[in-house]
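> here are the coordinates; sequence isn't available:
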């Protein structure tokens, strides 16, 4: 919405579409990430913690499906050029066959497969992981990758970036339940196991995201000259804040929990909540970038 008005006169409908895209993205990444959380950590979770993670998966899936479905009328408005276009049902088969429809149908298929992560079996974990990967592919196709369909390196980097980010973002709310476990030492063991996975995913996400940022926005010295560049700067600052919060949890709160400090679990619970709020801002910035026009140098 912000870039829509920054880059020109601005259309309120297109601005609202950015907000809806952000909601759909939050739901999709949350669903994929909470599913991966169950896949990687299910053996270390109590029954209550696993049940809470499964609930979060369902909540995120419903949010993503609602947000993704709400994007289609906005696409119809864009194609028809008038707001009444959302009621022209003959446009929707055309939208379904377009790159936009293809991407979000892939996301929808992935979300349905993600629900299999709730099944307490190896095959459920496998199908859930495949669903998370499909979600990442669909989201990569729905962003700037939609305009770079012949550039396989962009799509490959986008899929890895989104898949890795999903684990980090989608794990934060289920992790809050683990932090409140009555036995802080046991909780610390589970969180340390999670952090080993999260470290790998975080490095992949940040590295691929940095490369994509350079491909889309050009050299950092030119970022301050455009709204797109400033959004990139804000997104980077938010990601750095998330990383610092994660490091504080790992090297401060978890160490205190290993010593039996119950209050450290409460602190980690609150910190995870703050990181999730930062993640929401990051994903909103991502929706802004995916909906905006690329800087002229990159567009050429």
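Great, that's in hand. All figures in this text were calculated on a predicted structure; none of them were measured in a lab.

> So residue 71: helix, strand or coil?
helix (DSSP: H, G, I helix; E, B strand; the rest coil).

> number of nearby residues for the residue nearest to residue 248 when sequence neighbours are not counted?
In space, residue 248 comes closest to residue 271 once its chain neighbours are excluded; the distance is 6.7 Å by Cβ to Cβ, 6 or more residues apart in numbering. All C-beta spots, glycine's among them, are computed from the backbone N, C-alpha and C. When counting by other Cβ atoms under 10 Å, one arrives at 20 neighbours for residue 271.

> wouldn't residue 271 be in contact with residue 249 here?
Yes - using Cβ atoms under 8 Å, residue 271 makes contact with residue 249 at a distance of 5.2 Å.

> that older thread, give me the distance between the residue nearest to residue 248 and residue 277.
Distance, residue 271 to residue 277, by Cβ to Cβ, to the nearest Å: 11 Å.

> do you know how far the residue nearest to residue 248 is from residue 253?
The gap separating residue 271 from residue 253 is 7 Å, by Cβ to Cβ.

> now residue 153
Taking Cβ to Cβ, one finds residue 153 at 39 Å from residue 253.

> the more surrounded of the two?
Using other Cβ under 10 Å as the criterion, residue 153 and residue 253 rank with residue 253 on top: 25 against 11.

> Next, the contact list for the most centrally placed residue in the chain, please.
The centroid of the chain falls nearest to residue 29 when counting by Cα atoms, centre = their mean (3.5 Å). Taking Cβ atoms under 8 Å, 6 or more residues apart in numbering, we find residue 29 in contact with 135, 139, 162, 165, 166, 169, 170, 283.

> Check which helix or strand it maps to.
Using DSSP states H and E, residue 29 falls within helix 12-41.

> Using neighbour counts, pick out the buried residues of that helix.
14-15, 17-41 (16 or more other Cβ atoms under 10 Å).

> What of stretch 255-265?
Result for stretch 255-265 [16+ other Cβ under 10 Å]: buried residues 256, 257, 258, 261, 264, 265.

> Now, those residues that are in helices?
256, 257, 258, 264, 265 (DSSP state H).

> can you tell me which of the residues you listed lies nearest to residue 192?
When those are compared for distance to residue 192 (Cβ to Cβ), residue 258 wins out at 8.2 Å.

> I'd say residue 108 and residue 65 touch.
Yes - in this structure residue 108 lies within contact range of residue 65 using Cβ under 8 Å: 6.7 Å.

> do you know how far residue 17 is from residue 110?
Applying Cβ to Cβ to residue 17 and residue 110 gives a distance of 22 Å.

> which residues sit in contact with residue 263?
Counted by Cβ under 8 Å, 6+ apart, residue 263 has contacts residue 256.

> tilt between the strand or helix carrying residue 269 and helix 12-41?
Residue 269 is part of helix 262-291, with elements assigned from DSSP H and E. Our comparison of helix 262-291 with helix 12-41, counting by axes from the mean of the first three to the mean of the last three Cα atoms, to 10 degrees, yields an angle of 140 degrees.

> Need the nearest residue in space to residue 115, chain neighbours excluded.
According to Cβ to Cβ, 6+ apart, the nearest residue to residue 115 is residue 61 (6.2 Å).

> Can you tell me how far the one you found is from residue 68?
Residue 61 is 10 Å from residue 68, by Cβ to Cβ.

> list residues touching both of these two?
The contact lists of residue 61 and residue 68 share residue 27, where a contact means Cβ under 8 Å, 6+ apart.

> Low-confidence regions, the stretch 151-300 of the chain specifically.
Applying pLDDT under 70 to the stretch 151-300 of the chain picks out residues 292-300.

> got it, and the stretch 1-150 of the chain?
1-11, 83, 85, 144-150.

> so where do the helices sit in it?
2-6, 12-41, 47-80, 91-96, 99-114, 122-142 (DSSP state H, counting those that start in this stretch).

> Quickly note the distance from residue 89 to residue 185.
Taken as Cβ to Cβ, the span from residue 89 to residue 185 is 59 Å.

> neighbour count winner among the two?
The neighbour comparison of residue 89 against residue 185 (other Cβ under 10 Å) goes to residue 185, with 12 against 8.

> The more buried one contacts residue 254, doesn't it?
No - shown here, residue 185 and residue 254 do not form a contact pair, counting by Cβ under 8 Å, at 10.4 Å.

> How many residues are close by residue 249?
Count around residue 249 with other Cβ under 10 Å applied: 23.
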